[in-house]
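Enquirer: Show me how the following folds:
(one chain, ligands or ions: 2)
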Amino acid sequence: MADWDAIVFIAIVLVSSVICFCGHWPIFEGTPIQSLNYCCTGGCFDLLEKFVGLVCGARGRHVVSSVEHYCCERPNPILQLFYFTILGGAYFAFVGTSFQYIPGPYVSVVHRYLGTVSVVVGAVLFLLTSCSDPGLITSTNVSDYLTMYPYDGILYEEKTCSTCNLARPPRSKHCSICGRCVARFDHHCGWTNTCIGENNLRYFMAFLFWHCALCLYGTFVIAAIVAGEVKKRNLVHLLTFYYGVEPSLQKLSPYVFQWVLAFYSQQLLLLLFLGILSLLLTGFFGYHLYLVLTNITTNETYKWESYKRWKQHVSSSEGPKVTSVDGSASSSEQVSSPRLVGGYLRGAEFLGIAVGFSFLLCG
Ligand SMILES: [Zn+2]
Ligand SMILES: [Zn+2]
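Expert: Ligands and ions are numbered 1, 2, ... in the order given. Model (predicted):
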């Protein structure tokens, strides 16, 4: 691996972050950043469909539309396989490049075993979330779910799911991807290829928490390995005694960084990858922890946003145009906020994929 891979990786991540989270800002209007933001938040298939339609005609457009349908609107294992590729890739990169430095001045031998066990536990929690029942509503359990939560008369009213042909309990939702109603529906998770609902939210939270901890743990172990190598090779002494560098953090840091980049670029790449994933996962876990503590689901945050917009429109002169609060309304203004939240979530998901891809590419 070339020394520049860590720099290329961080550059890709930075550009991807700007595209995903800031691309819709007015300052980027009419720029390639805005176009790329549109692509990564769901517009890429529209553009691809138009392009293939122009080149190959209706048949090509139909193929792209079928691929989009399979990737985005049907249960599929694409992101599950991608998860295992990233987990396996990161673990074997760590074993191949850094096990030789354990034990070191700041890392005891126990981390060889603790690291492996932590990765296995992470994979088990992922499988547990993926394979457990999210709370599928069937004719045998629907009566139990109907009494679990009250109808609030605003977001939830008594009605029957036209697809499942079953009464729809309060806080449940019919998942259009899975094709089934799920109790206390939170969201459909593409990574675990299942809905997150009443029965598997605890596994999902454990999975998120564990992966935050795993990434932070990996970041600290690698940082400790690199710091140990700096100590073992007396780098600070060499720089100050032989090269006359002033013994201050400010003066020494650039030289130490250059040395690490030259001789430990693989560790640096892993460090950056795990550090960035830690930040992303901590933000995601914090958001879901807030939802759990306030007893609200992701789906309900969308619904409440829609409801607030609907109320605003009703009280304004344009109000009568809007007739629904369930997200199916035609007014673009009414659903703009959920779209924005959805855009950020899609952006975060794309960024996760971009970080994983660029890590595999650079490593
Ligand atoms: Zn249903
Ligand atoms: Zn689902």
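
Enquirer: now the chain, which segments are flagged as low pLDDT?
Expert: Residue ranges of the chain with pLDDT under 70: 1-4, 41-42, 317-351, 358, 360-363.

Enquirer: Please, where are all the strands along it?
Expert: In the chain, the strands defined using DSSP state E lie at 160-161, 166-167, 173-175, 180-182, 187-189, 194-196.

Enquirer: The fourth one close to ligand 1?
Expert: Yes: using C-beta under 5 Å from the ion, we find that strand 180-182 touches ligand 1 at Cys181. From N, CA and C alone the C-beta is placed, and that goes for glycine too.

Enquirer: does any part of that strand sit near ligand 2?
Expert: No: remark: strand 180-182 sits outside contact range of ligand 2, by C-beta under 5 Å from the ion, the gap being at least 6.6 Å.

Enquirer: Give the other helices and strands that that strand contacts.
Expert: strand 173-175 (3 or more C-beta pairs under 8 Å, 6 or more residues apart in numbering; DSSP states H and E).

Enquirer: got the residues of the stretch 51-200 of the chain near ligand 1?
Expert: Counting by C-beta under 5 Å from the ion, the stretch 51-200 of the chain sits next to ligand 1 at Cys161, Thr163, Cys164, His174, Cys181.

Enquirer: Can you give me every residue that contacts the third one?
Expert: Under the criterion of C-beta atoms under 8 Å, 6 or more residues apart in numbering, the contact partners of Cys164 comprise Ile137, His174, Arg180, Cys181.

Enquirer: Roughly how far does the last one sit from Ser172?
Expert: Taking C-beta to C-beta, to the nearest Å as the measure, Cys181 falls 5 Å from Ser172.

Enquirer: Of these two, which one has the most company?
Expert: Ser172 (28 against 25; other C-beta atoms under 10 Å).

Enquirer: how about the strands of the chain, which one is nearest Val55?
Expert: Across the strands of the chain, Val55 has its closest neighbour in strand 187-189 (32.6 Å, C-beta to C-beta).

Enquirer: anything in the closest one near ligand 2?
Expert: Yes: Strand 187-189 is in contact with ligand 2 by C-beta under 5 Å from the ion, via His188.

Enquirer: and that strand, which strands flank it?
Expert: In the sheet, strand 187-189 lines up against strand 194-196 (antiparallel) (DSSP bridges).

Enquirer: That'll do, ta.
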